[in-house]
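Peer 1: Compute the structure for the input listed below.
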Amino acid sequence: MIKQPSVYIIASKYNGTLYIGVTSNLSQRMYQHREALIDGFSKKYGIKMLVYFEIFEDMHTAIVREKSLKGITRAKKIALIESANPNWEDLTVKLELLIP
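Peer 2: Residues are numbered from 1 along each chain as shown. Okay, the predicted model is just below:
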């Protein structure tokens, strides 16, 4: 398995509940979220739609970015999502094409 550190934002629906996470394997993590295999916030609130992600060279940088995103306002999180994904499309479908 090739590790690809990533920060991601998932949502319950358009403009719905948001969750920010970090992982070394985004495809695998999205499978876990979609199948509700991870206990916690995302499972409790049905948050399964990948709406934003960033890829990094190393995990330390990804973790720093995750913490910075968790510290911004909801309005700024929504603006970030909409700057890259204005229609709030579920990017999980395109994930295999975007991450080699």
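Peer 1: How about the nearest residue to residue 84 once chain neighbours are set aside: which residues does it bridge to?
Peer 2: The shortest distance from residue 84 to any non-neighbouring residue, by CB to CB, 6 or more residues apart in numbering, is to residue 52 (5.9 Å). No exception for glycine: its C-beta is placed from N, CA and C like everyone else's. Counting by DSSP bridges, residue 52 forms beta bridges with residue 9.
Peer 1: I'd assumed residue 9 was in contact with residue 52.
Peer 2: Yes - the criterion here is CB atoms under 8 Å, and residue 52 meets it with residue 9 at 4.1 Å.
Peer 1: any shared contact partners between those two?
Peer 2: Common contacts of residue 52 and residue 9, defined by CB atoms under 8 Å, 6 or more residues apart in numbering, comprise 80, 81.
Peer 1: where does this structure have low pLDDT?
Peer 2: 1, 96-100 (pLDDT under 70).
Peer 1: all strands of this structure, in order?
Peer 2: Assigned by DSSP state E, the strands in the chain fall at 6-11, 18-23, 49-55.
Peer 1: for these, which one ends up most surrounded?
Peer 2: Mean neighbour count (mean count of other CB atoms under 10 Å) peaks for strand 6-11 among the strands of the chain, with a mean of 24.
Peer 1: Show me what that strand packs onto, helices and strands only.
Peer 2: strand 18-23, helix 26-34, strand 49-55, helix 59-70, helix 74-84 (3 or more CB pairs under 8 Å, 6 or more residues apart in numbering; DSSP states H and E).
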